[in-house]
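Trainee: here is the input, now give the coordinates:
(one chain, ligands or ions: 2)
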Amino acid sequence: MAAASSASSSLLLHRLHDDYSSSLSSSKRGLNLSLLHSRKISSIRFSPNCKIYYGSSNSSFLLFNEYSYLFVSIITVRFGKSVICRPPAEKKKSSSFQTDAVRQLTGFLTKAEGFRFAIVVARFNEIVTRPLLEGALDTFKKYSVREEDIDVVWVPGSFEIGLVAQKLGKSGKYHSILCIGAVVRGDTTHYDAVANNAASGVLSAGLSSGVPCVFGVLTCEDMDQALNRAGGKAGNKGSEAALTAIEMASLFEHHLKD
Ligand SMILES: Nc1c(NC[C@H](O)[C@H](O)[C@H](O)CO)[nH]c(=O)[nH]c1=O
Ligand SMILES: CC(=O)[C@@H](O)COP(=O)(O)O
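Mentor: Ligands and ions are numbered 1, 2, ... in the order given. Predicted coordinates for the structure are as follows:
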């Protein structure tokens, strides 16, 4: 592409990359993004994992997940501003790609609208679990999950989560169940029993129901560690768990249906 080799085109592409990096910063995992222009592809590498591909003078770019080259979105550049457009109607098998030998299946983060989620949240250590829940709800909203497609179920403590997750999973109403709790070490060995059984409860809920059950239960040495992970210095693990729930819902919906 003749024009794009100029300094100004290169700047524009760098700015586009930055826009996209920041708009997707809460979903660091799995999305090494590329911009792929429809024709005459050239590329700029920004980091070992991130490359932007660009083409001629056309102002529309296609945004691809570099990991699997899945189509994610269209970007239109107008008057120096980049605009994210919604992807076109879903293509069959758009989230897989074929090589000679290997078919790779992945879930999408981009098409969460229409998925139904249950969140099972423990009331114990609510000072931690409530911000985890809020982080999860914010993320669902950001990824276009409708409020009416989310049910929140409160249980007394993390030990109770597994049973309820299993029941909800078996109801057939949800694409994924997100489990939220905070187990904080005390003076006795009680911590180990609650933490380990919360984990195996969530695991067996998923295995027995066949519905992805995501482990958003913090297991912390002290309250500081827990608060740091509930919207403090170490981010919000509820929000990260919501991304996992979306990806798993998508993987099951698009590739692993019975
Ligand atoms: N200590 C913590 C608990 N304990 C309560 C148990 O989860 C359970 O509700 C009780 O044993 C009755 O079955 N729960 C947490 O979520 N976090 C804790 O730190
Ligand atoms: C993990 C817990 O249940 C925790 O509150 C127990 O505290 P302790 O070991 O001091 O009884």
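Trainee: could you pull up the residues touching whichever residue of the stretch 101-250 of the chain sits closest to ligand 1?
Mentor: Nearest to ligand 1, among the residues of the stretch 101-250 of the chain, is residue 157, at 2.3 Å (Cβ to the nearest ligand atom). C-beta: built from backbone N, CA, C; applies to glycine. For residue 157, the contact set (Cβ atoms under 8 Å, 6 or more residues apart in numbering) comprises 122-124, 181, 194.
Trainee: for those residues, which single residue is the most surrounded?
Mentor: The most neighbours of any of the contacts of residue 157, using other Cβ atoms under 10 Å, belong to residue 181, which has 29 neighbours.
Trainee: how about that one, secondary structure?
Mentor: Classification of residue 181 by DSSP: H, G, I helix; E, B strand; the rest coil places it in strand.
Trainee: where does pLDDT dip in the protein?
Mentor: Within the chain, the stretches with pLDDT under 70 are 1-100.
Trainee: coming back round to it: just the contacts of residue 157: which are in helices?
Mentor: residue 194 (DSSP state H).
Trainee: in the contacts of residue 157, find the pair that's most separated.
Mentor: Maximum pairwise distance in the contacts of residue 157, criterion Cβ to Cβ, is 13.5 Å, between 123 and 194.
Trainee: residue 119 is in contact with residue 151, correct?
Mentor: Yes - in terms of Cβ atoms under 8 Å, residue 151 counts as a neighbour of residue 119; the distance is 7.3 Å.
Trainee: these two: which is more packed in?
Mentor: residue 119 (28 against 15).
Trainee: quick one: name whatever helix or strand follows whichever helix or strand that one is part of.
Mentor: Residue 119 is part of strand 117-122, with elements assigned from DSSP states H and E. Following strand 117-122 in sequence order, the next helix or strand is helix 126-142 (DSSP H and E).
Trainee: so what does the helix or strand that that next one is followed by touch, helix or strand wise?
Mentor: Counting by DSSP H and E, the next helix or strand C-terminal to helix 126-142 is strand 150-155. Applying 3 or more Cβ pairs under 8 Å, 6 or more residues apart in numbering; DSSP states H and E, one finds that strand 150-155 makes contact with strand 117-122, helix 126-142, helix 161-170.
Trainee: what residues of strand 150-155 count as buried?
Mentor: 150, 155 (16 or more other Cβ atoms under 10 Å).
Trainee: of all the helices and strands packed on strand 150-155, which lies closest to ligand 2?
Mentor: Nearest to ligand 2, of those and by Cβ to the nearest ligand atom, is strand 117-122 at 11.0 Å.
Trainee: and the contacts of that closest one?
Mentor: Outside strand 117-122, the residues within contact range by Cβ under 8 Å, 6+ apart are 129, 132-133, 136-137, 140, 145, 149-158, 160-161, 164-165, 168, 173-182, 217, 242, 245, 249.
Trainee: go again with 6 Å.
Mentor: Outside strand 117-122, the residues within contact range by Cβ atoms under 6 Å, 6 or more residues apart in numbering are 129, 133, 136, 150-155, 157-158, 161, 164-165, 168, 174, 176-181, 245.
Trainee: perfect, that will be all.
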